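S.K.: Here's my sequence, what's the structure:
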Amino acid sequence: MNDFLRIATGLPGAIIITTIIFLLLASVIARHQDVELTDDISVQINVLRQLEDRTTQRMEDFQRPVLDQPPPPPPVVSDPSFRPSITATMGAMPDMGAGDLDIGTGFNPDRDAQPLVRIPPEYPGRCFSGARPLETVVVEFDVTPEGTVVNPRVVETTSSCFNRAAMRAVERWRYQPRIVNEVAQPRFGVRTAIDFALE
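M.R.: A predicted model of the protein is given here:
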């Protein structure tokens, strides 16, 4: 549609401008038609003219340069492999004062509680209606020295319909307990987010 409008408005304008230019040139030509050129100016162009070459010298004038001394002979190489000799000198190592630094053994037996078994929750059938494509429940719980999950509680949720399914799933999880000084300790306040996604 835009192309049609451009053609419809541009074509008459182009015709009008072309006509004005044509009439203007025709009037200029008609006005100056009686002018005669009285000066006879002729231009001569000679294409056969040859240039003289002034840079040529006669061979009799050319003389070779005379060397003061002959060039030196090439150096004699005694090593047939042509490897350069490299000598290196080692300097003394600077003293950083790290002789009394204790870096330890690198083994730390202490560790935080780490998950062993995480069973994903089942999507509750009663929550299909009105559910968003992704629902999230944030659950906080404690881990016993035996690695079981106790005291699960919902901290944050996008829909309360999913809270019970998230709590049920968390109760079946198993953890490696927290170790402090090689003794299993309870871990309080572990937080995790459980996502429920519609497939």
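
S.K.: And residue 189, how close does it get to residue 139?
M.R.: Using Cβ to Cβ, to the nearest Å, residue 189 is found at 11 Å from residue 139. Placement of C-beta: from N, CA and C, glycine included.

S.K.: Give me the more crowded residue out of these two.
M.R.: Legend: neighbour count by other Cβ atoms under 10 Å for residue 189 and residue 139, higher for residue 139 (24 against 10).

S.K.: backbone phi and psi for the more buried one, please?
M.R.: Backbone geometry at residue 139, expressed as degrees, to the nearest 10, gives phi -120, psi 140.

S.K.: for the chain, what spans make up the helices?
M.R.: Secondary structure of the chain (DSSP state H): helices located at 2-31, 163-171.

S.K.: Residue 197: which of those helices is closest?
M.R.: helix 163-171 (13.0 Å; Cβ to Cβ).

S.K.: Columns mean pLDDT and distance to residue 70 on top of the helices of the chain, output as a markdown table?
M.R.: As requested, the helices of the chain are exported to a markdown table (pLDDT from 0 to 100; distance: least, Cβ to Cβ, whole Å):
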| stretch | mean pLDDT | distance to residue 70 |
| --- | --- | --- |
| helix 2-31 | 87 | 82 |
| helix 163-171 | 91 | 98 |
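
S.K.: Export those as TSV, with columns for distance to residue 180.
M.R.: What follows is these, written out as TSV (distance: least, Cβ to Cβ, whole Å):
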stretch	distance to residue 180
helix 2-31	76
helix 163-171	24
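
S.K.: most packed of the ones you listed?
M.R.: Of all the helices of the chain, helix 163-171 has the most neighbours on average by mean count of other Cβ atoms under 10 Å, namely a mean of 18.

S.K.: Can you list the helices and strands that it packs against?
M.R.: The contact analysis (3 or more Cβ pairs under 8 Å, 6 or more residues apart in numbering; DSSP states H and E) places helix 163-171 against strand 134-143, strand 149-157, strand 187-197.

S.K.: Mind picking out the helix or strand in this protein with the poorest mean pLDDT?
M.R.: None of the helices or strands of the chain scores lower by mean pLDDT, DSSP states H and E than strand 114-117, at a mean of 84.
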